[in-house]
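Undergrad: model this:
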Amino acid sequence: MELAYIPSPSRGVLYLGPVPLRGYAFCIIIGVFVAVWLGNKRWVARGGRVGTVADIAVWAVPFGLIGGRLYHVITDYELYFSEGRDWVDAFKVWEGGLGIWGAIALGAVGAWIGCRRRGIPLPAYADAVAPGIALAQAIGRWGNWFNQELYGKPTDLPWAVEITSSTDGRLPGTYHPTFLYESLWCIGVALLVIWADRRFKLGHGRAFALYVAAYCAGRFWIEYMRVDEAHHILGLRLNNWTALFVFVLAVIYLVLSARKRPGREEIVEPGVSDGDGDEGAAAVVGGAEAKSESQSKSGESSAEADGEEKKDAGASGGGGVKKEPESAEKS
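TA: A predicted model of the protein is given here:
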């Protein structure tokens, strides 16, 4: 008998009247908001405009959802197109099933379109949103807990997750909570990228590459613990090979990018620095004009005062001249 474990929810959906609130979709939505919020703060700190990250996310997020679903459906096609299955279920994203590899790949295409429309370099944008994406994954993984899916091997550890569902071949029991392991790993990846970016001033896509490499390293061993059905190649799950391949690509990019384009971009969003410069120039010009006007008014006032003195002297005639000898006689 287990003394402690993580209980799974009895169901993954709650109803507010006729409106269903699905835990999986709710986690995805919260993750997207966190990613956009943190990405915006990092983008503004790099010299970009407020709202640019959200504007580009309008392109990146839908593309990412489509890409993530496509990867899942293609790599687990038997769940939707084999005998006895309903192919319509392939469109039910809210029931679970998003492949991060497809989400990042196609999401990058959407981000590229958004960046191109605004004249922004995609690597700089990717660097800004990288930690936010990792946090979004950390939050999104809890959707697997709501759906009682993607757990690991059986265990009696105190932090084991209890699986109560017996649908789709599940066996009730306690298992390694791989969703929790990956969630914690992603939080660590986000903190690592933030620290490394501040310490080494990563630019030209290297912060994003670091996120990819670090995530793949963790995903490799977490994927190895899972017991759900998956395609195997040479004894390894397909996602293990994908993580290994993407990890190598990310490391190669880190090395080559650091050699060819060291440092960080000085301008990440064209027009922001220029606009600030125009405002500064306007302030200087305005100040100079005000100063000139003040000096002009001061000169006019001095001239008027001199004129008044001359008029007074003329009005007094020679009286003033006569007083000087008179005073001298008295002295």
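Undergrad: Downstream of the host helix or strand of Arg42, the next helix or strand is which one?
TA: Here Arg42 sits within helix 23-45, counting by DSSP states H and E. Proceeding N to C from helix 23-45, the next assigned helix or strand is helix 52-75, under DSSP H and E.
Undergrad: May I see the buried residues of whichever helix or strand comes after that next one?
TA: Heading C-terminal from helix 52-75, the first helix or strand you meet, by DSSP H and E, is helix 78-81. When burial is assessed from 16 or more other CB atoms under 10 Å, helix 78-81 yields the following buried residues: Tyr80. Quick note: C-beta positions are derived from backbone N, CA and C, even for glycine.
Undergrad: does Asn239 count as helix, strand or coil?
TA: For Asn239, the assignment made with DSSP: H, G, I helix; E, B strand; the rest coil gives helix.
Undergrad: before we move on, back to that, just the residues contacting the helix holding Arg42, thanks.
TA: Residues from elsewhere that reach helix 23-45 (CB atoms under 8 Å, 6 or more residues apart in numbering): 9, 12-14, 49-54, 57, 61, 93-96, 98, 125, 127-129, 131-133, 135-147, 268-269.
Undergrad: Kindly format the C-alpha coordinates of it as PDB.
TA: As requested, the backbone C-alpha atoms of helix 23-45 are provided in PDB (Å, rounded to 0.1, in the frame of the first residue of the first chain):
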ATOM      1  CA  GLY A  23      -7.800  21.100 -18.200                       C
ATOM      2  CA  TYR A  24      -5.500  20.400 -21.100                       C
ATOM      3  CA  ALA A  25      -6.600  23.400 -23.100                       C
ATOM      4  CA  PHE A  26      -6.600  25.600 -20.000                       C
ATOM      5  CA  CYS A  27      -2.900  24.800 -19.300                       C
ATOM      6  CA  ILE A  28      -2.000  25.500 -23.000                       C
ATOM      7  CA  ILE A  29      -3.800  28.900 -22.800                       C
ATOM      8  CA  ILE A  30      -2.100  29.900 -19.600                       C
ATOM      9  CA  GLY A  31       1.300  28.800 -21.000                       C
ATOM     10  CA  VAL A  32       0.800  31.000 -24.000                       C
ATOM     11  CA  PHE A  33       0.000  34.100 -21.900                       C
ATOM     12  CA  VAL A  34       3.000  33.500 -19.700                       C
ATOM     13  CA  ALA A  35       5.300  33.100 -22.700                       C
ATOM     14  CA  VAL A  36       4.000  36.400 -24.300                       C
ATOM     15  CA  TRP A  37       4.200  38.300 -21.000                       C
ATOM     16  CA  LEU A  38       7.800  37.300 -20.300                       C
ATOM     17  CA  GLY A  39       8.800  37.600 -24.000                       C
ATOM     18  CA  ASN A  40       7.400  41.200 -24.000                       C
ATOM     19  CA  LYS A  41       9.500  42.200 -21.000                       C
ATOM     20  CA  ARG A  42      12.600  40.800 -22.500                       C
ATOM     21  CA  TRP A  43      11.900  42.300 -25.900                       C
ATOM     22  CA  VAL A  44      11.400  45.800 -24.400                       C
ATOM     23  CA  ALA A  45      14.600  45.400 -22.300                       C
END
